[in-house]
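Engineer: sequence unknown, structure follows:
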């Protein structure tokens, strides 16, 4: 019984990885970086994207694929900040996006007229970490209202991400959260993790984030 | 392929439900209510249990089964507030507790000398919602640092819970969160949901929660 489950799961994963490879090749041909945003529900993925679309949306042609278990609320929120296509994927109960959903969503996006793709995963720190979507990189978000030891408790998400975005730094005066300890826990799991500190409310709270995005775009253009 | 996956999943779920029925009967015979706490990572499950153990631990004999993907951090935190057994379940990557894990953990707990069991599930608003652990009731936690529309986006957790605990009300002055809208979204998904407002920091921030727990204990004793 257990063996059969693993067998089926492995085959589903293998099929996913095949599709993810196709997505990666498609993005590579178009020269478009795509970032897969993973976090707990409520860590601020949609808020970060709202501000990013509002602030960079004129200079950078951003496309968004956003996944939710139910509702298109996130897609509706984001669509208010851009006239570009926001692709909503409703997973109907599933706890993560998969490569087939992303491949299908990308099929509706003109990558030749796109500089940057964000894939906003289902809010879940466990399952999305294990599914390759063909992204350029995973970005894990952690808000200062969560515990500093989240990287130790949910290691896969932090191990597979290249970038950690700490969010809601404006709430630091009101919570007992040590940035130092959070970063320490994260680097313990993944010493190569690049850490960015953000707030969608503080002045210049997104400067590091925008610097990171610009570097990604320049890297692609230089390639 | 899809059919085989569903087939195996259904059989795993059926086996889980069988085990959950056994747990429910065992708890029923002992007259001990057990609550399954479900929420995003960082919504405050462990903080709520820490305070509950510290405040009620002398009067009420509380046992805790706590699940994490990795680490025993939550169990270690809770053990500081009680000399009662705290059972740590490390799920090793799995995104939820299952009834076999709970049945095994309960095997080490003397239910005759226990008034109340808390099962602290893995921090995840999606997958744990679908797994019956044999609990008396599911309690879903939602912190005011998350979005008000979480019940619409993760409906199963809110539909299957009997009780919604809103947490971190001390942060209300610092976040844009409408309690009214959050409750409205929750009741839209589940009109029977009992809603409790809590803060582990504000004075009397846990009075409603303790009142709820006392009512559960009296109900059991009267039965």
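Structural biologist: In hand now; what should we look at? Here the structure is a predicted model, which means the values were calculated and not measured.
Engineer: which helix in chain A runs the most residues?
Structural biologist: Longest helix in chain A, counting residues (DSSP state H): helix A:2-30.
Engineer: buried residues in it?
Structural biologist: A:8, A:12, A:16, A:19, A:20, A:22, A:23, A:24, A:26, A:27, A:30 (16 or more other CB atoms under 10 Å in any protein chain shown). Any C-beta I mention is one placed from the backbone N, CA and C, and that applies to glycine too.
Engineer: residues making contact with whatever helix or strand comes next after that helix?
Structural biologist: For helix A:2-30, the succeeding helix or strand toward the C-terminus, using DSSP states H and E, is strand A:34-38. Strand A:34-38 is contacted by residues A:23, A:27, A:45, A:48-49, A:97, A:116-121, A:124-125, A:128-129, A:133-141, A:157, A:161, A:163, A:216 when judged by CB atoms under 8 Å, 6 or more residues apart in numbering or on different chains.
Engineer: Which members of those residues occur in strands, if any?
Structural biologist: A:116, A:117, A:118, A:119, A:120, A:137, A:138, A:139, A:140, A:141, A:163 (DSSP state E).
Engineer: Can you go through these and name the buried ones?
Structural biologist: A:116, A:117, A:118, A:119, A:120, A:138, A:139, A:140, A:141, A:163.
Engineer: Surely residue A:181 touches residue A:151?
Structural biologist: No. Counting by CB atoms under 8 Å, residue A:181 does not reach residue A:151; the two are 10.2 Å apart.
Engineer: who has more neighbours, those two?
Structural biologist: Remark: of residue A:181 and residue A:151, residue A:151 carries more neighbours, 28 against 12, as counted by other CB atoms under 10 Å in any protein chain shown.
Engineer: you'd agree the more buried one is up against residue A:189?
Structural biologist: Yes. Counting by CB under 8 Å, residue A:151 does reach residue A:189; the two are 4.8 Å apart.
Engineer: Any chance of a markdown table for the buried ones among the ones in strands among the contacts of strand A:34-38, columns distance to chain B and pLDDT?
Structural biologist: Below are those laid out as a markdown table (distance: CB to the nearest CB, whole Å; pLDDT from 0 to 100):
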| residue | distance to chain B | pLDDT |
| --- | --- | --- |
| A:116 | 24 | 96 |
| A:117 | 22 | 97 |
| A:118 | 18 | 97 |
| A:119 | 17 | 97 |
| A:120 | 12 | 97 |
| A:138 | 17 | 98 |
| A:139 | 17 | 98 |
| A:140 | 12 | 98 |
| A:141 | 11 | 98 |
| A:163 | 19 | 98 |
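Engineer: Widest-spaced pair of the residues you listed?
Structural biologist: Across these, the longest distance by CB to CB is 18.2 Å; it joins A:116 and A:140.
Engineer: And the most centrally placed residue in chain A, how close does it get to residue A:17?
Structural biologist: Centroid-nearest residue in chain A: residue A:37, 0.9 Å away (criterion: CA atoms, centre = their mean). Going from residue A:37 to residue A:17 by CB to CB, to the nearest Å gives 20 Å.
Engineer: got it, and residue A:148?
Structural biologist: Taken as CB to CB, the span from residue A:148 to residue A:17 is 33 Å.
Engineer: So, low pLDDT: which residues of chain A?
Structural biologist: Counting by pLDDT under 70, chain A has low-confidence residues at A:1-9, A:220-223.
Engineer: what do you get if the cut-off is 50, keeping everything else the same?
Structural biologist: Across chain A, the ranges flagged by pLDDT under 50 are A:1-5.
Engineer: Tell me which stretches of it form helices.
Structural biologist: Under the criterion DSSP H, helices of chain A are mapped to A:2-30, A:45-56, A:73-79, A:99-106, A:150-153, A:155-160, A:179-189, A:207-222.
Engineer: can you redo those helices as JSON lines with distance to chain B?
Structural biologist: What follows is the helices of chain A, written out as JSON lines (distance: least, CB to the nearest CB, whole Å):
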{"stretch": "helix A:2-30", "distance to chain B": "5"}
{"stretch": "helix A:45-56", "distance to chain B": "8"}
{"stretch": "helix A:73-79", "distance to chain B": "5"}
{"stretch": "helix A:99-106", "distance to chain B": "11"}
{"stretch": "helix A:150-153", "distance to chain B": "5"}
{"stretch": "helix A:155-160", "distance to chain B": "5"}
{"stretch": "helix A:179-189", "distance to chain B": "9"}
{"stretch": "helix A:207-222", "distance to chain B": "19"}
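Engineer: Which of those helices sits closest to residue A:197?
Structural biologist: Nearest to residue A:197, of those and by CB to CB, is helix A:207-222 at 6.0 Å.
Engineer: picking that back up, pick out whichever of the ones in strands among the contacts of strand A:34-38 sits closest to residue A:88.
Structural biologist: residue A:120 (9.8 Å).
Engineer: partner residues bridging the closest one?
Structural biologist: Counting by DSSP bridges, residue A:120 forms beta bridges with residue A:37, residue A:66.
Engineer: what's near enough to touch it?
Structural biologist: Taking CB under 8 Å, 6+ apart, one finds A:37, A:45, A:46, A:49, A:64, A:65, A:66, A:67, A:74 in contact with residue A:120.
Engineer: for residue A:187, same thing?
Structural biologist: Counted by CB under 8 Å, 6+ apart, residue A:187 has contacts A:193, A:195.
Engineer: Pick out the most distant pair among the ones in strands among the contacts of strand A:34-38.
Structural biologist: Across the ones in strands among the contacts of strand A:34-38, the longest distance by CB to CB is 18.2 Å; it joins A:116 and A:140.
Engineer: re the thing from before, tell me which of the helices of chain A sits nearest to residue B:173.
Structural biologist: helix A:45-56 (18.5 Å).
Engineer: Please work out the angle formed by the directions of that closest one and strand A:116-120.
Structural biologist: Angle of helix A:45-56 versus strand A:116-120, following axes from the mean of the first three to the mean of the last three CA atoms, to 10 degrees, is 160 degrees.
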